[in-house]
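Engineer: let's see this in three dimensions:
(one chain, ligands or ions: 1)
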Amino acid sequence: MKKVVRYIIALMGLLLYNLGHAEDGSQLWLRYTRVPANEAALRTVACRVNDPVAYMAVEELQHYWRRGDVTLVIDKSWSGQQTGGYAIQSRRNKTVISAGSSAGLLYGAYHLLRLQQLQTDIQGLNIVEKPSYALRMLNHWDNLDGTVERGYAGHSLWKWSELPQKISPRYREYARANASVGINAVVLNNVNAAPLILRSDYLGKVKALADIFRPYGIKVFLSINFSSPKLLGQLRDSDPFNPEVVKWWEKKAAEIYGLIPDFGGFLVKANSEGQPGPQDYGRTHAEGANMLASALKPFRGLVMWRAFVYNPSAEDRAKQAYQEFVPLDGKFSDNVIVQIKNGPIDFQPREPFNPLFGAMPKTNQMVEFQITQEYLGFSNHLVYLAPLFKETLDAQTYTRPLHATVAGITQHGPYPQLSAIAGVANIGADRNWCGHHFAQANWYAFGRLAWNAALSSSSIAKEWLSATFSPDPDLVDPLSDLMIASREAAVNYMMPLGLHHLFAFEHHYGPEPWGDMPGGRPDWMPWYYHNADSIAVGFDRTSSGSNAVAQYHSPLREQFANIATCPESYLLWFHRVPWTYRMKNGRSLWDNLCYSYQQGVDQVRHFQQVWDSVEGKIDAQRFKGVQSKLKVQARDAVWWRDACLLYFQTFAKMPLPADLERPVHELDDLKKIKLNLKHHN
Ligand code: BDP
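Structural biologist: From the prediction side, this is the model:
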């Protein structure tokens, strides 16, 4: 009888728990369940370190760790290693986490909780972890008016008008999620930066956030507007050689560090897409960066100087950053890191790696990825980005004998203690943080790869699925396959074979390969990139064209330049290719294009079936949410296929292969689509 009563009570408890915790995705991958007090009393979490970060490690374990005693110790033999590393050893039901710093203890605690969550056996653990990068950063493109540039998960998390008085509980949840995957630095505001962020009242708000993030081992950085001395300080100009300007920045730095002693530094977009910069005064990027760097230096602050620069000129846009930055190698101060987008154009579904990597051996370089899906279907498409990140990180640059992959170049620069990696955040005020439940996986994967660039995309996918949904292999196996395939699927239905920038103007959501604007910048028009005519399609970047291939180190330069050896996934990136060109499979380029687009459509339809097969294995709310997003993605894939194939067919004048599905749209109707999506700049 007692048993039955207990059973009913337990059942009711479960029911209430589920009702109270709608599965809206707000818990992310952090679905630990609290240890009941009577159980907690049976084990100890011991730690002699007394600071807020170590305290956080203890608290997390006290609340959620249920497998025996844990001791956290600082072990001096770790010093000299990149901070944040840790070791975990377990014997019987005693576990020891040792680290060189409190942050390491915190990461060790999250590691243990992850093992518990994944139902891993924790007997005889002997784990040693060292982060790949010292700085693992999120870049928020959040504006002070609450909008988010290229953000697809609602408004900004930061409630600037309420800060510093009112503190949303989500600030803490956000910091905790970051810490759980090892992210330890965040830039709060848009690279197209409002000068206002440096005004004293805003700095007070920034301080409030920094205070919340600190116990999670997270440092705050700000994007700054290079014209701030003039626009905010009312100086005559913002010339980095003007002593008044230098003084202004020095005073500003002192003010910031007075409020936030561990402030990280500045991220700067200068002389890029209309932003002000040192070139406005005839100074170089290095001169501008170094002026800021010396203002921050006494406080050990850093400058992240972006290399995303290009101008409307006769020169191929893909070549411009390299041309501007390579001559500056060796001229940047040691607390400047040049932040380089993964590819030479702009976060396209697929780009070869940016040839700047490895081409500035005397300069700290870091890679910038885009986690938010500006060019990948916003938060409507399921596109798991770890394979894209890995493709760049693992790319071999051949620029030196050792550590010559992009990961190696950025981890083993001239000042390795400064190694860094950044991702443009996909986080907003939406309940599920990222708009699409699977977009959370991209935040997670970025953090995990920043921690350990050698992890595989599939192991990260499996970890995330287990933590976020369930460790049931009948769910994890098919869904991790789906995730791994999803990036290539998007490339297939959007821009296969090296095509790029076929997006609709400004908002970049759907296809507009025909896009044109009289008087508009050519390098913002799709025709600039695809160059289609009745004979051929693609961008000739060989010596008969822009010769961008020459920016790559041998043997890549020769490999890319030769149409026979250029990887077909980059074919139309580097070559202008006749529609009738025979590809490796014996079919024409045109036929290959047709089959690739169709393959993308078929892949998404398959994802829908896979998803339906896990119905009942997860909660109905998230199941339905993803199911309906997949419908949008399936429709969009058909839209992309029809738009691109019907448009290119007007040049190629070749029929669709007989066995291929027929288009369901008229080209003229597709051309009329004008989405009214705001682009916040
Ligand atoms: C482009 C975005 C633009 C950003 C720019 C940047 O379209 O909104 O400001 O990158 O990275 O991809 O600065």
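
Engineer: need the strands for the stretch 351-500 of the chain, in chain order.
Structural biologist: Secondary structure of the stretch 351-500 of the chain, counting by DSSP state E, counting those that start in this stretch: strands at 364-370, 420-424.

Engineer: to Tyr552, which of those strands lies closest?
Structural biologist: In terms of Cβ to Cβ, the element of those nearest to Tyr552 is strand 364-370, at 15.7 Å. Where C-beta positions appear, they are placed from N, C-alpha and C, glycine not excepted.

Engineer: which other helices and strands contact that closest one?
Structural biologist: strand 336-341, helix 386-393, helix 406-411, strand 420-424 (3 or more Cβ pairs under 8 Å, 6 or more residues apart in numbering; DSSP states H and E).

Engineer: switch those over to a markdown table; also include mean neighbour count.
Structural biologist: As requested, these are exported to a markdown table (neighbours: other Cβ atoms under 10 Å):
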| stretch | mean neighbour count |
| --- | --- |
| strand 336-341 | 26 |
| helix 386-393 | 23 |
| helix 406-411 | 23 |
| strand 420-424 | 26 |
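
Engineer: can you tell which of those is closest to Arg587?
Structural biologist: The nearest among the helices and strands packed on strand 364-370, by Cβ to Cβ, is helix 386-393 at 24.9 Å.

Engineer: now the angle from that closest one to strand 336-341?
Structural biologist: Here helix 386-393 runs at an angle of 130 degrees relative to strand 336-341 (axes from the mean of the first three to the mean of the last three Cα atoms, to 10 degrees).

Engineer: what helices or strands is helix 386-393 leaning on?
Structural biologist: On a contact count with 3+ Cβ pairs under 8 Å, 6+ apart, helix 386-393 meets strand 364-370, helix 406-411, helix 440-451, helix 457-468, helix 473-494.

Engineer: export it to CSV, keeping only CA atoms.
Structural biologist: Listed next in CSV are the C-alpha coordinates belonging to helix 386-393 (Å, rounded to 0.1, in the frame of the first residue of the first chain):
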residue,chain,number,x,y,z
ALA,A,386,30.8,22.4,-36.6
PRO,A,387,31.8,20.9,-40.0
LEU,A,388,32.2,24.4,-41.4
PHE,A,389,34.3,25.5,-38.4
LYS,A,390,36.4,22.4,-38.7
GLU,A,391,36.9,22.8,-42.5
THR,A,392,38.7,26.1,-41.8
LEU,A,393,40.5,25.1,-38.6
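
Engineer: that one: how far from the chain's middle?
Structural biologist: Its chain's C-alpha centre and that of helix 386-393 lie 11 Å apart, by Cα atoms, centre = their mean, to the nearest Å.

Engineer: next, the angle from that helix to helix 457-468.
Structural biologist: Using the same axes, to 10 degrees: helix 386-393 against helix 457-468 is 140 degrees.

Engineer: the closest residue to the ligand within the stretch 401-550 of the chain: which element?
Structural biologist: Nearest residue of the stretch 401-550 of the chain to the ligand: His508, at 6.6 Å (Cβ to the nearest ligand atom). Using DSSP states H and E, His508 maps to neither a helix nor a strand.

Engineer: about what we covered before: export the strands of the stretch 351-500 of the chain to JSON lines and append columns for distance to the ligand.
Structural biologist: Output for the strands of the stretch 351-500 of the chain, formatted as JSON lines (distance: least, Cβ to the nearest ligand atom, whole Å):
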{"stretch": "strand 364-370", "distance to the ligand": "7"}
{"stretch": "strand 420-424", "distance to the ligand": "7"}
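
Engineer: okay if I get the ones you listed as CSV plus mean pLDDT?
Structural biologist: Shown next, in CSV, are those (pLDDT from 0 to 100):
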stretch, mean pLDDT
strand 364-370, 98
strand 420-424, 99
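
Engineer: how about those in CSV, adding distance to Pro243?
Structural biologist: What follows is the strands of the stretch 351-500 of the chain, written out as CSV (distance: least, Cβ to Cβ, whole Å):
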stretch, distance to Pro243
strand 364-370, 27
strand 420-424, 31
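
Engineer: and the ones you listed: which comes nearest Ala536?
Structural biologist: Nearest of the strands of the stretch 351-500 of the chain (Cβ to Cβ): strand 364-370, 30.2 Å.

Engineer: what angle do that closest one and strand 336-341 make?
Structural biologist: Going by the same axes, to 10 degrees, strand 364-370 makes 30 degrees with strand 336-341.

Engineer: so which residues make contact with strand 364-370?
Structural biologist: Contacts with strand 364-370, where a contact means Cβ atoms under 8 Å, 6 or more residues apart in numbering, come from 135, 139, 150, 304, 306, 308, 332, 334, 336-342, 347, 356-357, 385, 388-389, 392-393, 406, 409-410, 413-415, 418-424, 446.

Engineer: quick one on the thing from earlier: Throw the helices and strands packed on helix 386-393 into a markdown table and include distance to His285, thanks.
Structural biologist: Formatted as a markdown table, the helices and strands packed on helix 386-393 follow (distance: least, Cβ to Cβ, whole Å):
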| stretch | distance to His285 |
| --- | --- |
| strand 364-370 | 13 |
| helix 406-411 | 19 |
| helix 440-451 | 25 |
| helix 457-468 | 34 |
| helix 473-494 | 32 |
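
Engineer: Ala321 and Val338 touch, don't they?
Structural biologist: No: Ala321 lies out of contact with Val338 (Cβ atoms under 8 Å); the separation is 9.5 Å.

Engineer: now the strands for the stretch 201-350 of the chain?
Structural biologist: Under DSSP E, counting those that start in this stretch, the stretch 201-350 of the chain gives strands at 219-224, 265-268, 302-306, 336-341.

Engineer: give the partner strands of the first one in its sheet and their orientations.
Structural biologist: Paired with strand 219-224 in the same sheet, following DSSP bridges, are strand 185-187 (parallel), strand 265-268 (parallel).

Engineer: can you list contacts of that strand?
Structural biologist: So strand 219-224 is contacted by 137, 139, 184-193, 197-198, 206, 209-210, 213, 260, 262-269, 292, 302, 304 (Cβ under 8 Å, 6+ apart).

Engineer: filter those down to the ones close to the ligand.
Structural biologist: Filtering those for neighbours of the ligand using Cβ under 6 Å from any ligand atom leaves Val191, Asn192, Lys269.

Engineer: what does this protein have sitting close to the ligand?
Structural biologist: Residues of the chain lying close to the ligand by Cβ under 6 Å from any ligand atom are Glu149, Arg150, Val191, Asn192, Lys269, Glu273, Phe308, Asp346, Phe347, Glu374.

Engineer: which residues touch the third one?
Structural biologist: For Val191, the residues meeting the contact criterion (Cβ under 8 Å, 6+ apart) are Asn139, Trp141, Ser223, Leu267, Val268, Lys269, Gln275, Arg306.

Engineer: also the last one?
Structural biologist: For Glu374, the residues meeting the contact criterion (Cβ under 8 Å, 6+ apart) are Arg150, Phe347, His508.

Engineer: what's around the nearest residue to the second one once chain neighbours are set aside, how many residues?
Structural biologist: Just to be clear, that refers to Phe347. Excluding its sequence neighbours, the residue lying closest to Phe347 (Cβ to Cβ, 6 or more residues apart in numbering) is Gln370, at 4.1 Å. Look at Gln370: counted by other Cβ atoms under 10 Å, it has 25 neighbours.

Engineer: do the one 5 residues further on as well
Structural biologist: Other residues lying near Tyr375 total 23 when counted by other Cβ under 10 Å.

Engineer: and it, its phi and psi?
Structural biologist: phi -110, psi 20 (degrees, to the nearest 10).

Engineer: isn't it right up against Phe347?
Structural biologist: Yes: Tyr375 is within contact range of Phe347, at 5.4 Å (criterion: Cβ under 8 Å).

Engineer: would you confirm that the residue of the stretch 401-550 of the chain closest to the ligand contacts Tyr375?
Structural biologist: Yes: if you go by Cβ under 8 Å, His508 and Tyr375 touch, sitting 5.6 Å apart.
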